[in-house]
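Enquirer: Sequence first, predicted model second:
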Amino acid sequence: MSQSGEIRLIGLRFSKVGKIYHFDGSNIPDLKIGDRVVVETSRGWQLGEVAQWVSEGQDVGEGPWKAIDRKATPRDLLIRQDWERKESQVVELARQKTKELRLPGVKVVFAEFSFDGSRLAVLFSNETEEKIDVKNLRKALQKFYPATQVELRQIGPRDVAKILEGIGACGLEKRCCSMFLTDFTSISIKMAKEQGISLTPSEITGMCGRLRCCLNYEYELYSKLRKQLPKRNKRVKTPAGEGKVVEVLTLREMVVVDIPEQGRKTFSKDEIQRLDERGRPIENSQPVEEADEDLDNSTD
């Protein structure tokens, strides 16, 4: 601890693009970003990498916080490398036992020893919708590693894609999940619709077989801009006359309007006046959702 008794929180990562966990680094004041340290976690002793210093006022939840034990020594790093070599052997063994036990749909993806070797986590995915009992697989692996506590952990398709890496569906050399995504947010078809993206499965599905994470990147911006623009098929008044919106150019904050006897013309949001179904003006400052709701609930 520091002489003032203050806790200096440090964010650590335990995998290359993993979540950040916070520890008390008060007893090691000279830590730098990228330093490797040894800490005790809920999953045993681990080797972590310093990813950030927590600034004052930053919300990281509530403690208590475990203290970092020490900086990693060259010997610590060699020990970790030795465990990493053994992890690939575990994966091969687990895949072999999966075949012997005839566990359909079980795909062993990754294995990880704790820093002191007291725990072994074997990650697998289930390619079927049925629940698979893997107790016999765990027992089989436990026989090979009697001094280690073996745990089997099921992960989802996005986590599998993150671990296996590979080229992204968009052509990037690495998938976003393997480059910088530390958490997976909820993705919905609504996000694609809001951005005017084709709903063709090949256009919105990632290599993991789920909706692409990038659908969330610009969704908030699109949602904000679209609230100030009329939807398709809505009536508007323009400098060239009244017409119906046939296309919304969200990022340009413009709409294409089909005006009788004049054809299609493009206008900015400041050049149009929204109209309800009766031809009455709608305040442009009123969000689109509220305007539509008022129209639906109108009893005049």
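Expert: Thanks, I have it.
Enquirer: Tell me which stretches of the stretch 51-200 of the chain form strands.
Expert: Ranges of strands within the stretch 51-200 of the chain are 70-71, 106-113, 119-126, 149-154, based on DSSP state E, counting those that start in this stretch.
Enquirer: Report the buried residues of the last one.
Expert: With burial defined by 16 or more other C-beta atoms under 10 Å, the residues of strand 149-154 counted as buried are 150, 152. C-beta here means a position set from N, CA and C on the backbone, and glycine is covered the same way.
Enquirer: Centre-most residue in this structure?
Expert: F184 (2.2 Å; C-alpha atoms, centre = their mean).
Enquirer: From E92, how far out is the closest residue to it other than its chain neighbours?
Expert: The shortest distance from F184 to any residue that is not its chain neighbour, by C-beta to C-beta, 6 or more residues apart in numbering, is 5.1 Å, and that residue is R158. In this structure, R158 and E92 are 24 Å apart, going by C-beta to C-beta, to the nearest Å.
Enquirer: Comparing those two, which shows the higher neighbour count?
Expert: Higher neighbour count among R158 and E92: R158, with 20 against 11, using other C-beta atoms under 10 Å.
Enquirer: coming back round to it: reformat the strands of the stretch 51-200 of the chain as TSV; add mean pLDDT and distance to C177.
Expert: What follows is the strands of the stretch 51-200 of the chain, written out as TSV (pLDDT from 0 to 100; distance: least, C-beta to C-beta, whole Å):
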stretch	mean pLDDT	distance to C177
strand 70-71	94	30
strand 106-113	96	14
strand 119-126	96	14
strand 149-154	96	18
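Enquirer: Could you save those as CSV and add columns showing distance to A240?
Expert: Output for the strands of the stretch 51-200 of the chain, formatted as CSV (distance: least, C-beta to C-beta, whole Å):
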stretch, distance to A240
strand 70-71, 71
strand 106-113, 60
strand 119-126, 57
strand 149-154, 60
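Enquirer: And these: which comes nearest R138?
Expert: Of all the strands of the stretch 51-200 of the chain, strand 149-154 sits nearest to R138, with 5.0 Å by C-beta to C-beta.
Enquirer: How far does stretch 13-27 stretch from one end to the other?
Expert: This stretch, stretch 13-27, spans 19 Å end to end (C-alpha to C-alpha, to the nearest Å).
Enquirer: quick one, which of the strands of the stretch 51-200 of the chain is nearest to M191?
Expert: Of all the strands of the stretch 51-200 of the chain, it is strand 119-126 that lies closest to M191, at 24.6 Å by C-beta to C-beta.
Enquirer: Can you list the neighbours in contact with that closest one?
Expert: 43-44, 90-91, 94, 105-114, 132, 134, 138, 141, 145, 148-157, 159-160, 163 (C-beta atoms under 8 Å, 6 or more residues apart in numbering).
Enquirer: swap the cut-off to 7 Å and go again
Expert: Here strand 119-126 makes contact (C-beta atoms under 7 Å, 6 or more residues apart in numbering) with 43-44, 90, 94, 105-113, 132, 141, 145, 148-155, 157, 160.
Enquirer: Note down every partner strand of it and its orientation.
Expert: Sheet pairing for strand 119-126, assigned by DSSP bridges, gives strand 106-113 (antiparallel), strand 149-154 (parallel).
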